[in-house]
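Asker: I would like the atomic coordinates for the input below:
(2 chains)
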Amino acid sequence: MTSTTPLRPRRTASRQALNITALAVALLWIFPIYWMVNVSLQPNAQMRLEGPTWVPLDFTPDAYLGVLSDSSFWTAMRMSMQVSLLAVAVALFSATLAAVALSRFRFRSRTAIIITVLVVQMIPAEALFISQFRMLSGWGLVNTTLGLSLLYVGTVMPFIVWMLKGFVDGVPVDLEEAAMIDGCTKVGAFFRVTFPLLGPGLVATGVFGFLVSWNEFTLALVMLSSGGRVTLPVWLQGFQEGMSGTDWAGIMAGSALIAIPVLILFSIVQRRMASGMVSGAVKG
Amino acid sequence: MATLTPTTSPPGTVPRDSSPGRGDVSRRARRRQAFLPFLLLALPTGLVMLALGYPMARQLVMSFQEFGIAQQFGQPAEWVGFANYQAILTDTYFWVVTVRTLAFTAVAAGLTMVVGVGLAVLMQRVATGVRVALQLALLFAWATPVIAAVAIWKLMADHRHGVVNAVLSGAGLTGFDGFHWLQAGTTPFLIVAATVVIWASTPLVTLATYAALSQVDESAVEAAQIDGASTPRILWHIVLPIIRPVLILMAILQVIWDLRVFAQIYSLQQTAGNTTDTNLLGTYIYQTGIAGGDYGMASALAMVMLLLLLALTWRYVRILGRQGDLR
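Answerer: Coordinates of the predicted model:
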């Protein structure tokens, strides 16, 4: 993102007002996250006082220790890790193949396939989970890592193909041609020249797929319905519904423990993700 | 800029990197090359067909069947034609839920777009430090897992310990002292839900629009300014045409995400206790199918939701296809 300001306001007073407005919006938007951290560090008794406590002066890590010593949290963490990593590995590998096919070859049904990718990515899970559940239950894959991962692969694949195609488009085909003149096959040229240059794109896309799977709630709720192992979002929902429904500090600590790794990963790759999303096909 | 018309070049040949033709060897190579893209596409296509295509076909079939508890225990499903659809369309509750969902989508998606684009324009005109602060705040909201976001907003809107009520009644609106947002009826419940949705989905609109705005040619804007064009006119005639594809894409995504909204509503419902007054299509499908066991009816409901989505977005998807650079 460049910092061009085509509509530069002339008066500094109005510019100052805009700065203050933007800062106020920034504070408003970050406030819920601040509040999560704030409440997670307070003893629960603090919540019952008259009026909110704005700053956690009675700092206590009890809520975090409570969640971290809860074995169901760690079971859910393992489940989330397994499902997300499996889904990302499979989706990334096969999406790379698709992105190369769509970016480097011209063939008859290419445009139709690109449009299909676009349309499929718009089908919401909420419109399909009924029969996805029937399908997995027919194959005995309900409540399994494999079953949920398969659905996540389907969910993230179109978007990953879309983003990766943008990244492959970005590597000049001339580089591959030069390698082919030097005696490489088309496949060899791709793996020796283009693939290493795709590194950052693959990382960004992989992180994106990981985050989508990590945060996903609906399919996890439906497919892991009958007890047993759940993913972190379903665990957090259960935590809120259960006996600890008034343990606000605990709920906020759990939320923070799920959210903070995501926030860190996300800040690292966000720039590439935003540009990948926009430039994948839609160029102004 | 390419259009949706199919490429005219014969299969297997690449206009930009046509391999040198030298007799039999190259013909065989070219035939192999014509086959290669389909080989590459086999695995991804197969996986998507398995995860999405097959369930979709099955759902279509199931929506024409009586498929309830008895069928789960092995009874063959009975064909009932359009009976499921007929039952849905003549059910008043379906229409209540549908109208409620459409209203929710219009408000949530509309506000997300207005606020999102407004913030992008604002972001262009502020000091660098302020812009970075705003970007960071938006990024954090965007990345927060949905169930964590709902938990936070639930706490903030809690009737006894919530900071929202404390601030509102502190500002003189004493009616909000102890106000139970989630149990006070459909509208307060959906206001909380819409707030969570807008808070989480505005950042993408802002960041994407901001990225698109930075592609606007500065000299064209300056020339218009020198010619005396007003800021609204510049925005409308010079800036808007350039960022239009991004705006359309964002609007389509918002409509899709808000129409099918499930996680936020479900999680809030679990706290509120009431579902009849607060159901949107997503939770209604869930209750009919997963909780109620009537898969035939739920499949038909899901198909209706898909058709609704298609009807709302189809025109814009086509515009996007025509404008978009499908290289």
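Asker: before we move on, which element is the residue in the stretch 151-284 of chain A that chain B sits nearest to in?
Answerer: Residue nearest to chain B within the stretch 151-284 of chain A: residue A:154 (2.5 Å; C-beta to the nearest C-beta). For glycine as for every other residue, the C-beta is placed from the backbone atoms N, C-alpha and C. Using DSSP states H and E, residue A:154 sits within helix A:145-170.
Asker: Next, the contact list for residue 258, please.
Answerer: Using chain A. If you count contacts by C-beta atoms under 8 Å, 6 or more residues apart in numbering or on different chains, residue A:258 has them with A:232, A:233, A:236, B:145, B:147, B:148.
Asker: was after chain B, sorry
Answerer: B:104, B:105, B:108, B:109, B:112, B:197, B:201.
Asker: now these as CSV including pLDDT?
Answerer: As requested, those are exported to CSV (pLDDT from 0 to 100):
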residue, pLDDT
B:104, 97
B:105, 96
B:108, 97
B:109, 97
B:112, 97
B:197, 96
B:201, 94
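Asker: Drop anything exposed from those.
Answerer: The neighbour-count criterion (16 or more other C-beta atoms under 10 Å in any protein chain shown) marks B:104, B:105, B:108, B:109, B:112, B:197, B:201 among those as buried.
Asker: Could you measure from the third one over to residue B:116?
Answerer: So the one you mean is residue B:108. Separation of residue B:108 from residue B:116 (C-beta to C-beta, to the nearest Å): 12 Å.
Asker: Now for residue B:230, how many residues are close by?
Answerer: Neighbour count for residue B:230, taken as other C-beta atoms under 10 Å in any protein chain shown: 10.
Asker: For it, give me the pLDDT.
Answerer: We have a pLDDT of 86 for residue B:230.
Asker: go on, residue A:77?
Answerer: Note for residue A:77: predicted pLDDT of 93.
Asker: Surely it and residue A:229 touch.
Answerer: No. The criterion here is C-beta atoms under 8 Å, and residue A:77 misses it with residue A:229 at 10.7 Å.
Asker: For the residue nearest to residue A:241 when sequence neighbours are not counted, what is the enclosing helix or strand?
Answerer: Among residues not flanking residue A:241 along the chain, residue B:270 sits closest, at 5.4 Å (C-beta to C-beta, 6 or more residues apart in numbering or on different chains). Element membership of residue B:270, judged by DSSP H and E, is helix B:263-272.
Asker: Which of the residues in stretch B:208-220 are classified as buried?
Answerer: By 16+ other C-beta under 10 Å, the buried positions in stretch B:208-220 come out as B:208, B:209, B:210, B:211, B:212, B:213, B:214, B:216.
Asker: Helix or strand next in line after the longest helix seen in chain A, which one?
Answerer: Taking DSSP state H as the criterion, chain A has its longest helix at helix A:71-104. Counting by DSSP H and E, the next helix or strand C-terminal to helix A:71-104 is helix A:110-120.
Asker: For that following helix, which helices and strands make contact with it?
Answerer: helix A:71-104, helix A:145-170, helix B:23-48, helix B:295-323 (3 or more C-beta pairs under 8 Å, 6 or more residues apart in numbering or on different chains; DSSP states H and E).
Asker: okay, which residue is most central for chain B?
Answerer: With distances taken as C-alpha atoms, centre = their mean, the residue of chain B nearest its centroid is residue B:257 (2.6 Å).
Asker: in the helix or strand hosting that one, what's buried?
Answerer: Secondary structure from DSSP H and E places residue B:257 in helix B:240-259. Of the residues in helix B:240-259, B:243-259 count as buried by neighbour count, 16+ other C-beta under 10 Å.
Asker: and if you look at stretch A:44-59?
Answerer: A:44, A:46, A:47, A:52, A:53, A:56.
Asker: Show me where the stretch 1-150 of chain B has its helices.
Answerer: Using DSSP state H, counting those that start in this stretch, the helices assigned to the stretch 1-150 of chain B run over residues B:23-48, B:54-62, B:69-72, B:83-89, B:92-124, B:128-143, B:146-156.
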